[in-house]
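**Q** need a structure here:
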Amino acid sequence: MLERMQRRSNAGVIMKRSTKVKRAFRTLLLFVGPCLVLSACAGGSMLRVPGDLARPERAAASAPGAPQAVVADFSYAAGPDGIIGRDFDLVRPIVWNGDPGKAMADLVAAVLGESGVATVRRGPGAQGVEALPVRISGVVRRFEVNSRRTGNLTVVTEAIVSLTVRAEGPGLSGSSEQTVTSSASLSGLFPMPADLREALLSTTNTVAEEAARKLLEARIVSPSP
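**A** Reported below is the predicted structural model:
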């Protein structure tokens, strides 16, 4: 009788242990399964930043009056094959098909326009704008977005942009130069293309806004009356 009770007790312990193992396995699958899917989606020989860099939608109209300043494409020492950063966790480059010099000039001109300064953009080889009171040019010194895994499961995606803006022309007593740098970061399980673009959008727009603010505060340009 005692032997039967002991067998039943042992069988009960085995069943409880088996149930706990199954529950633990199911819990592990619930966590690991999505991670494996995301890892498969994130994999590849390179990580590409999608789309273009743009300003948030604004309701304000373009600045009135005759153009006061011309904004030329900023110079930029482009890396090979459009590489602008690295995914250190999966050891692969991060690339963007856009032109950082043109994109940053577009953003600075857009912010000036939103501030009431009538501006025009000049691309390579444009003619007939040298007589405008102010010519704005510059150099994109850093244009990077990188991702790396921290001590836990979190991956940090960080964008860093540094821009030097120069202003000169017949409307100024001398040339002026300002440098603006900004960074932004996001966290997630894996570096995703949308996160890369969001970090770059935030950083580039912050730099453009700060560059325009410095130009306005120095009275290099001013809103049209």
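**Q** How many residues are close by Gly85?
**A** Counted by other CB atoms under 10 Å, the residues lying close to Gly85 total 25. Yep, even glycine has a C-beta here, placed from its N, CA and C like the rest.
**Q** any idea whether it is helix, strand or coil?
**A** Of the three states, Gly85 takes strand under DSSP: H, G, I helix; E, B strand; the rest coil.
**Q** Am I right that it is in contact with Gly79?
**A** No: the criterion here is CB atoms under 8 Å, and Gly85 misses it with Gly79 at 9.1 Å.
**Q** Please enumerate the shared neighbours of those two.
**A** Contact criterion CB atoms under 8 Å, 6 or more residues apart in numbering; no residue bridges Gly85 and Gly79 by contacting each.
**Q** Quick one: mean pLDDT for the longest strand anywhere in the chain?
**A** Counting by DSSP state E, the longest strand found in the chain is strand 134-149. Here strand 134-149 scores 94 as its mean pLDDT.
**Q** any idea where the helices of this protein begin and end?
**A** 2-42, 100-114, 193-217 (DSSP state H).
**Q** Mind telling me which of those helices the model trusts least?
**A** Looking at the helices of the chain, the bottom one is helix 2-42 with a mean of 47.
**Q** Tell me how many other residues crowd Leu90.
**A** Counted with other CB under 10 Å, Leu90 comes out at 18.
**Q** before we move on, what about Pro170?
**A** Counted with other CB under 10 Å, Pro170 comes out at 10.
**Q** What distance do you get for Val117 to Val221?
**A** Distance from Val117 to Val221, counting by CB to CB, to the nearest Å: 5 Å.
**Q** That should have said Leu53, apologies.
**A** For Leu53 relative to Val221 (CB to CB), the value is 22 Å.
**Q** Next, the angle strand 83-87 makes with the longest strand of the chain.
**A** 20 degrees (axes from the mean of the first three to the mean of the last three CA atoms, to 10 degrees).
**Q** Once you drop chain neighbours, what's closest to Ser182?
**A** Leaving aside its sequence neighbours, Ser182 sits nearest to Thr206 (CB to CB, 6 or more residues apart in numbering; 4.3 Å).
**Q** can you list the domains in the protein?
**A** As given by automatic domain parsing, the domain ranges for the chain are 1-42, 47-217.
**Q** looking at those, which is buried most?
**A** domain 47-217 (a mean of 18; mean count of other CB atoms under 10 Å).
**Q** Do I have it right that Phe143 meets Tyr76?
**A** Yes: at 6.7 Å, Phe143 counts as touching Tyr76 under the criterion of CB under 8 Å.
**Q** Now the common contact residues for the two.
**A** Common neighbours of Phe143 and Tyr76 (CB under 8 Å, 6+ apart) are Pro100, Met104.
**Q** Report the central residue of the chain.
**A** Leu200 (1.1 Å; CA atoms, centre = their mean).
**Q** And the closest residue in space to it that isn't next to it in sequence, how far from Ser224?
**A** Leaving aside its sequence neighbours, Leu200 sits nearest to Ala159 (CB to CB, 6+ apart; 4.7 Å). With distances taken as CB to CB, Ala159 is found 33 Å from Ser224.
**Q** same thing with Ser115?
**A** 10 Å.
**Q** Check Gly151 too.
**A** Where Ser224 is concerned, Gly151 sits at a distance of 53 Å (CB to CB).
**Q** Same question for Val120.
**A** Applying CB to CB to Val120 and Ser224 gives a distance of 13 Å.
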